[in-house]
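Asks: My questions are about this predicted structure, shown below with the sequence.
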Amino acid sequence: MSSVVARRYARALADIGRETGTLDQMVEQLSTFGTAFEASTELRNALESPLVALDAKRAIVKDIAAQIGADDATRNALLLLTDRRRIRILPAVAKLLREMNDARKGIVRADVTTAVRLSDAYYEKLKTQLERMTGKRVVLDTKEDPNIIGGVIARIGDTIIDGSLRSRLDEMKNNLLNRQPKQNSAPERASN
């Protein structure tokens, strides 16, 4: 149910952003606020709690909106979500709004995970390869995870390209564990 509501808000905000020519800024500002909302338990508790007065919640939202340099359209969207007690869907709204804006521009996002930060040249080469595969412009969102040991994992939508050393080692392990010993199929010959 909340995903349907989040999609409805994202569509409305996309329309407003296109009409006002501020869609790109709105995407970035809502994403920034959404990230802060997800990262701060204290902020989530204050904005979601029925014990905190609506005026206090609005003041918090206005203060954070000012800190991130939010324009009027973004600030009003945040206040609307707060007034309607829908602020908890903000991260989903921000994500959907980004996807809608990217689709309009012919962009796909690739979540790329490596064990350590790699060179910009490597990321540029990877981006070029992913653009050839998808036929679209690709934006890389990179992160590091030492648990993959080495290699790269790229996710574009529902497609996962796993070139990590961890997955290769797991695959080798499974192959070795599932291998059955060969049985000699030729009957033994009797000696004379």
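Replies: Right, received. Where do you want to start?

Asks: The protein - how does it break down into domains?
Replies: Using automatic domain parsing, the domains assigned to the chain come out as 2-103, 107-177.

Asks: so how far is the shortest one from its chain's centroid?
Replies: Translated: domain 107-177. Between the mean C-alpha point of domain 107-177 and the mean C-alpha point of its chain there is a distance of 14 Å (C-alpha atoms, centre = their mean, to the nearest Å).

Asks: Point out the other helices and strands that the helix or strand R104 falls within packs with.
Replies: With the criterion set as DSSP states H and E, the secondary-structure element containing R104 is helix 90-105. Other helices and strands packing on helix 90-105, by 3 or more C-beta pairs under 8 Å, 6 or more residues apart in numbering; DSSP states H and E, are helix 2-20, helix 23-39, helix 72-83, strand 107-114. No exception for glycine: its C-beta is placed from N, CA and C like everyone else's.

Asks: Keeping just the C-alphas, turn the helix or strand that the shortest one is followed by into PDB.
Replies: Sequence-wise, the next helix or strand downstream of strand 107-114 (DSSP H and E) is helix 120-134. Provided in PDB are the C-alpha atoms of helix 120-134 (Å, rounded to 0.1, in the frame of the first residue of the first chain):
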ATOM      1  CA  ASP A 120      38.500   6.500 -11.900                       C
ATOM      2  CA  ALA A 121      39.800   5.100 -15.200                       C
ATOM      3  CA  TYR A 122      38.500   1.600 -14.200                       C
ATOM      4  CA  TYR A 123      35.100   3.000 -13.300                       C
ATOM      5  CA  GLU A 124      35.000   4.900 -16.600                       C
ATOM      6  CA  LYS A 125      35.800   1.600 -18.500                       C
ATOM      7  CA  LEU A 126      33.100  -0.200 -16.500                       C
ATOM      8  CA  LYS A 127      30.600   2.500 -17.300                       C
ATOM      9  CA  THR A 128      31.300   2.300 -21.000                       C
ATOM     10  CA  GLN A 129      30.900  -1.500 -21.000                       C
ATOM     11  CA  LEU A 130      27.600  -1.200 -19.100                       C
ATOM     12  CA  GLU A 131      26.400   1.400 -21.600                       C
ATOM     13  CA  ARG A 132      27.100  -1.000 -24.400                       C
ATOM     14  CA  MET A 133      25.200  -3.800 -22.700                       C
ATOM     15  CA  THR A 134      22.100  -1.600 -21.900                       C
END
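
Asks: So which bits of helix 120-134 are buried?
Replies: Burial within helix 120-134, assessed by neighbour count using 16 or more other C-beta atoms under 10 Å, is assigned to Y123, L126, K127, L130.

Asks: next one: stretch 86-105
Replies: Burial within stretch 86-105, assessed by neighbour count using 16+ other C-beta under 10 Å, is assigned to 87, 89-102.

Asks: pull the CA atoms of that stretch into PDB?
Replies: What follows is stretch 86-105 as a C-alpha-only set of coordinates in PDB (Å, rounded to 0.1, in the frame of the first residue of the first chain):
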ATOM      1  CA  ARG A  86       3.400  10.300   5.300                       C
ATOM      2  CA  ILE A  87       7.000  11.400   6.000                       C
ATOM      3  CA  ARG A  88       8.100   7.800   6.500                       C
ATOM      4  CA  ILE A  89       7.600   7.100   2.800                       C
ATOM      5  CA  LEU A  90       9.900  10.000   1.900                       C
ATOM      6  CA  PRO A  91      12.900   7.700   1.000                       C
ATOM      7  CA  ALA A  92      10.700   5.700  -1.300                       C
ATOM      8  CA  VAL A  93       9.300   8.800  -2.900                       C
ATOM      9  CA  ALA A  94      12.800  10.200  -3.400                       C
ATOM     10  CA  LYS A  95      13.900   6.900  -5.000                       C
ATOM     11  CA  LEU A  96      10.900   6.700  -7.300                       C
ATOM     12  CA  LEU A  97      11.300  10.400  -8.300                       C
ATOM     13  CA  ARG A  98      15.000   9.800  -9.200                       C
ATOM     14  CA  GLU A  99      14.000   6.700 -11.300                       C
ATOM     15  CA  MET A 100      11.300   8.700 -13.100                       C
ATOM     16  CA  ASN A 101      13.700  11.600 -13.800                       C
ATOM     17  CA  ASP A 102      16.400   9.200 -15.000                       C
ATOM     18  CA  ALA A 103      14.000   7.300 -17.300                       C
ATOM     19  CA  ARG A 104      13.000  10.700 -18.800                       C
ATOM     20  CA  LYS A 105      16.700  11.300 -19.500                       C
END
